[in-house]
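> next come a sequence and a model predicted from it.
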There are 2 protein chains.
Amino acid sequence: MKVQGRHIRSIWLDDDGWSVNAIDQRRLPHHFVVERLTTCDSAAEAIRSMLVRGAPLIGATAAYGMALAMRADSTDRALDHAYRMLIATRPTAINLKWALDEMLSLLRPLSAADRMAAAYSRAADIAEEDVVINKGIGRHGLAVIEKIAATKKRGERVNVLTHCNAGWLATVDWGTATAPIYLAHEQGRDVHVWVDETRPRNQGASLTAWELGHHGVPHTVVPDNTGGHLMQHGLVDLVIVGTDRVTANGDVCNKIGTYLKALAARDNGVPFYVALPSPTIDFSVDDGLTQIPIEQRAADEVSTITGLTAAGTIETVRIVPEGSPVANYAFDVTPARLVTGLITERGVLKPDRAALSAAFPERIATAAE
Amino acid sequence: MKVQGRHIRSIWLDDDGWSVNAIDQRRLPHHFVVERLTTCDSAAEAIRSMLVRGAPLIGATAAYGMALAMRADSTDRALDHAYRMLIATRPTAINLKWALDEMLSLLRPLSAADRMAAAYSRAADIAEEDVVINKGIGRHGLAVIEKIAATKKRGERVNVLTHCNAGWLATVDWGTATAPIYLAHEQGRDVHVWVDETRPRNQGASLTAWELGHHGVPHTVVPDNTGGHLMQHGLVDLVIVGTDRVTANGDVCNKIGTYLKALAARDNGVPFYVALPSPTIDFSVDDGLTQIPIEQRAADEVSTITGLTAAGTIETVRIVPEGSPVANYAFDVTPARLVTGLITERGVLKPDRAALSAAFPERIATAAE
C-alpha cells in the first residue's frame, strides 16, 4: 500500500539483493523509519522487540532471518542455531513456527552451497503467498461491500467500522480486514472507515489510521466506547475485524473489545464480518470461550501511554493513579452466533463447522491425524 | 469520603467561616490540590475551568459563589450580576440553573443586610441535600449488593463494574453510582470494583480509581474494551453506572460506552443498574435515542492525552497520527429494555413510565403544567 505516495510493503528485499528492509512499527504513527536487517540476529531482534508485529509479517521476517543466517554461514550447525534463535522470539505466534518449519524442511536436505539461494527464494515466496491470500480475502470482502454500496443513494458512502490493526502493516501487504477496504477504495467506491483506537495498545489509532491516511482512504478515529452509538444512529454499514484464532465452530478470538462491537452490531442489525487467512482457523479447538486461554499482558500498557509532545519528542505518561491495580486482558472471544460471515481467501463462509470443513477439507484431514 | 486517611468532601466551608474550599479535579489523580475560593469570580472560574465538575457539585459551587458575592456586595445589582456570571459558566448543566434559581428566589426579597447570612445558610443546605440524596441512593443500592453477597460463598467478593465517574467527586459526598459501594465497604462487605478507564477523558482511571483507592475500596482499572470479557467469565456480579439524564420511559443517557456494557450485561445475565438522584429524570422526554441530542466535544480530547512523566511533570502527548480526523461523541443512550433497575433516593425502580410516575408523582404534575 502507499506511504508518502509511494507503494511499499511492510518488509522487502533491499536493492542490494540480500539485506532486508522493514518498517519500524514501534515508531509509528509519529515517525516513519525503515530498518535495514543484515543478520539473523537483527531479524530475531526485530521480531522480539516488536519492530515488526502481526502474525503473517512475523512469519515472513523469520523466513528472511533464515536466509540472512544462510548468507553468513550455511552449515547444519548455523541452520539449527538460526531456527532456535528465531523460534524463541515470540513463542505463541503460529505463523512464526509455520514459516520456520517450512524453511528448515526445505534447507536441511540441501547441500550447504545451495542453501542461501534456496532460502532467499522460499522467503520471497512466503511473503508473496501472504499477499496472494490477502488479495483473495480482499476480493471476497469487496463483494460484500459492493452489495451494501448498491443499496446506497448517489453520494452516500459505505461506513465500515474496524477494531485494532488487521491492516497491511500486520501482513506483508493489503492486510486482512483492510484488504476489502483498500480494494473498494481503489475501485472508486466511496468507503469511509471508523477506526477504533483500540486501547490499551492503540493499534487502531497508531497503525490503522496511519495506514489508511497514507493510502488516502477516508477514515475517522474514535474511542472504543463509540461504536455502539454510531450503530444506533445508522452510521455503520458493516463491521470488518481481523482475528488471531477462529475455532472449528466459528468462534472468533480477537483483540479485547471485539465482542462488545459484535453485540452492538447484532443489536442494531449491522453485519459483522471477520477477515482471516485460513491458517488462522484452529480445527483442534471447538469452543472459543472455554478452550482459548486469554493472555494477560503487562499493567504498564494500561497505566501508561506513549505519544508525541508538542515539542516533538516521544514521551510516556502515567494515566492511572499510583497504587491502583490494573488488569490487561489482551483478547476476547466473540461467539459464532454473533458473526455474520468469515471472509477467507476461499470465500465468505458461515461461522460453523460444516462450512469451514467444506471449504478447507485438507485441514480436517490434517487435524484428524 | 476519605483522602489520605481524612474524611473530606468535594467542597466545604473553610474554618474561617466564609471562604470555600474545593478540590482541583483537573490535577487529579497525580496531584491533590485544594483551591480556596474567596470571590464569586473565583467560584465561576472554578466551574468554567472544570476545577469542579459533576452536576451536583457544580450546583453547590454556584450556590457558594452567590454567597461569596453577597459577602462582597449584597445590593440588587450585585445579586443579578453574580447570577448572570455564574449561569454562563456551563450553559447545559441542569443543577447549575436549579441551584442559582433557588438562591435568587430566596435572596431577592430579603434586605441587603440579610442576604449574606441567608446565602451561606442556603448554600450549605444545598450541599447537605445532595449528601442526603446520595445516602438514600446508597441505602437502596446496598440492598441490591447484599442480595448478591448472600449468594456468595465465604471469601468470595462481590464484583461491581462501573463506567466513568459517578463518584463522590462528582457530587458533594458519597457519589451516586459509588454510594452503594462505599456503604457496602463501610459495612464490611467484600466489594471489588472494575473501573472502566472511560476514554477519552479517562474519568474512570483519573477520578473513580483515585477515589476508591484513597477510601480503601479494592478496585482494578481496565480499558473500556474489557468489560464484555469479564462478564463472559463470571467476573462481574453487577454493573452500576451514573447518568446525565433519564427519560420518562427509563432510557438512560450516560457517558459514551455505557450502552456497550449494558449489551454485554444482557448477553451474560449480569444485572445492570443505573444510580441517579431524581432531578436527573427528565419527564419531558420519552425516547432517549431520538430525542436526546448527543454533544460532540473537541477532537483533542481523543487525539491527545495528559499524564505524569517519569520525571514528575504533567505532559500532553498526541496519540493519533497528524491528519487523521477524530470524532468525539460524549454520551450514548442505553435503551430502558437493557436496564435492570434505576436506583433512586426513593428506591430501586423499574425503568418505565409507570414506575417513575408512581415514585415521583409531584414531578409529573410539574411536567404537565
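Cool, the structure landed.
> now stretch A:140-153: average pLDDT?
The predicted model assigns stretch A:140-153 a mean pLDDT of 97.
> for chain B, what are the nearby residues on the stretch 101-250 of chain A?
Residues of the stretch 101-250 of chain A found near chain B (C-beta under 8 Å from any C-beta of the partner chain) are A:194-195, A:197-200, A:202, A:205-206, A:209-210, A:212-213, A:219-230, A:232. Bear in mind the C-beta positions are built from the backbone N, C-alpha and C, glycine included.
> show me these that map onto helices.
Members of these lying in helices (criterion: DSSP state H): A:A209, A:W210, A:L212, A:G213, A:G227, A:G228, A:H229, A:L230, A:Q232.
> for those residues, give me a markdown table that also has pLDDT and neighbour count.
As requested, these are exported to a markdown table (pLDDT from 0 to 100; neighbours: other C-beta atoms under 10 Å in any protein chain shown):
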| residue | pLDDT | neighbour count |
| --- | --- | --- |
| A:A209 | 98 | 30 |
| A:W210 | 98 | 26 |
| A:L212 | 98 | 28 |
| A:G213 | 98 | 21 |
| A:G227 | 98 | 32 |
| A:G228 | 98 | 27 |
| A:H229 | 98 | 25 |
| A:L230 | 98 | 22 |
| A:Q232 | 98 | 21 |
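> show me where chain A has helices.
Going by DSSP H, chain A shows helices at A:40-48, A:55-72, A:76-87, A:94-107, A:112-149, A:179-186, A:203, A:209-215, A:227-232, A:258-268, A:288-291, A:300-303, A:353-359, A:361-368.
> still on that earlier bit, among the ones in helices among the residues of the stretch 101-250 of chain A next to chain B, which two are most distant?
Within those, two members stand farthest from each other by C-beta to C-beta: A:W210 and A:Q232, at 28.4 Å.
> pLDDT weak spots in chain A?
Regions of chain A meeting the criterion pLDDT under 70 cover residues A:92-93, A:366-369.
> ok, and the closest non-adjacent residue to A:G347?
A:H140 (5.4 Å; C-beta to C-beta, 6 or more residues apart in numbering or on different chains).
> quick one, what contacts that neighbour?
Contact analysis of A:H140 by C-beta atoms under 8 Å, 6 or more residues apart in numbering or on different chains lists A:P180, A:I343, A:T344, A:E345, A:R346, A:G347, A:V348.
> then A:E102?
A:A63, A:R122, A:I126 are the contacts of A:E102 under C-beta under 8 Å, 6+ apart.
> what distance do you get for it to A:P279?
Noted for A:E102: a distance of 12 Å to A:P279, by C-beta to C-beta, to the nearest Å.
> same check on A:H163?
Distance from A:H163 to A:P279, by C-beta to C-beta: 21 Å.
> partner residues bridging A:G341?
A:Y273 (DSSP bridges).
> in this structure it contacts A:D352, no?
No: using C-beta atoms under 8 Å as the test, A:G341 is too far from A:D352 to be in contact (10.8 Å).
> out of these two, which sits in the more crowded spot?
A:G341 (22 against 16; other C-beta atoms under 10 Å in any protein chain shown).
> quick check: closest non-adjacent residue to A:L276.
Nearest residue to A:L276 in three dimensions, chain neighbours excluded: A:T243, at 5.0 Å (C-beta to C-beta, 6+ apart).
> quick one: contacts for A:H7?
By C-beta under 8 Å, 6+ apart, the contact list for A:H7 reads A:M1.
> who does it form a beta bridge with?
A:K2.
> again, but for the one 5 residues further on
Each beta-bridge partner of A:W12 is listed here: A:N21, as defined by DSSP bridges.
> also A:Q296?
Per DSSP bridges, the residues bridged to A:Q296 are A:Y329.
> wait, it touches A:Y329, no?
Yes: the pair A:Q296 / A:Y329 is scored as a contact, 5.8 Å apart, by C-beta under 8 Å.
> quick one, which of the two is more surrounded?
Comparing A:Q296 with A:Y329 by other C-beta under 10 Å, the one with more neighbours is A:Y329, at 20 against 11.
> from what I see, A:L260 and B:A262 are in contact.
No: contact criterion C-beta under 8 Å: A:L260 and B:A262 do not qualify, at 10.5 Å.
> and the two? Which one has more around it.
Legend: neighbour count by other C-beta under 10 Å for A:L260 and B:A262, higher for A:L260 (31 against 28).
> which residue does the stretch 1-150 of chain A bring closest to chain B?
A:P29 (3.6 Å; C-beta to the nearest C-beta).
> burial of that residue, as a residue count?
25.
> A:G216 too?
By the criterion of other C-beta under 10 Å, A:G216 has 12 neighbours.
> kindly report the same for A:A44.
With other C-beta under 10 Å as criterion, A:A44 counts 24.
> now swap in A:G188 and tell me
Applying other C-beta under 10 Å, we find 7 other residues in the vicinity of A:G188.
> turn the ones in helices among the residues of the stretch 101-250 of chain A next to chain B into a markdown table, columns for distance to B:L86.
A markdown table is the format used below for those (distance: C-beta to C-beta, whole Å):
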| residue | distance to B:L86 |
| --- | --- |
| A:A209 | 41 |
| A:W210 | 45 |
| A:L212 | 45 |
| A:G213 | 44 |
| A:G227 | 38 |
| A:G228 | 35 |
| A:H229 | 32 |
| A:L230 | 36 |
| A:Q232 | 35 |
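> for B:T75, find the nearest of the helices of chain A.
helix A:227-232 (47.8 Å).
> surely A:I148 meets A:D237?
Yes: A:I148 lies in contact with A:D237 (C-beta under 8 Å); the separation is 5.0 Å.
> between the two, which contacts overlap?
In terms of C-beta under 8 Å, 6+ apart, A:I148 and A:D237 are both contacted by the residues A:V158, A:P271.
> settle it for me: which of these two has more neighbours?
Neighbour comparison, A:I148 and A:D237: the larger count goes to A:D237, with 22 against 17 (by other C-beta under 10 Å).
> look up how far chain B lies from the more buried one.
A:D237 sits 16 Å away from chain B, going by C-beta to the nearest C-beta, to the nearest Å.
> wait, that residue sits on A:V160?
Yes: assessed by C-beta under 8 Å, A:D237 is found in contact with A:V160 at 6.8 Å.
> how close does A:T208 get to A:N202?
10 Å.
> and A:Q4, by the same measure?
Where A:N202 is concerned, A:Q4 sits at a distance of 22 Å (C-beta to C-beta).
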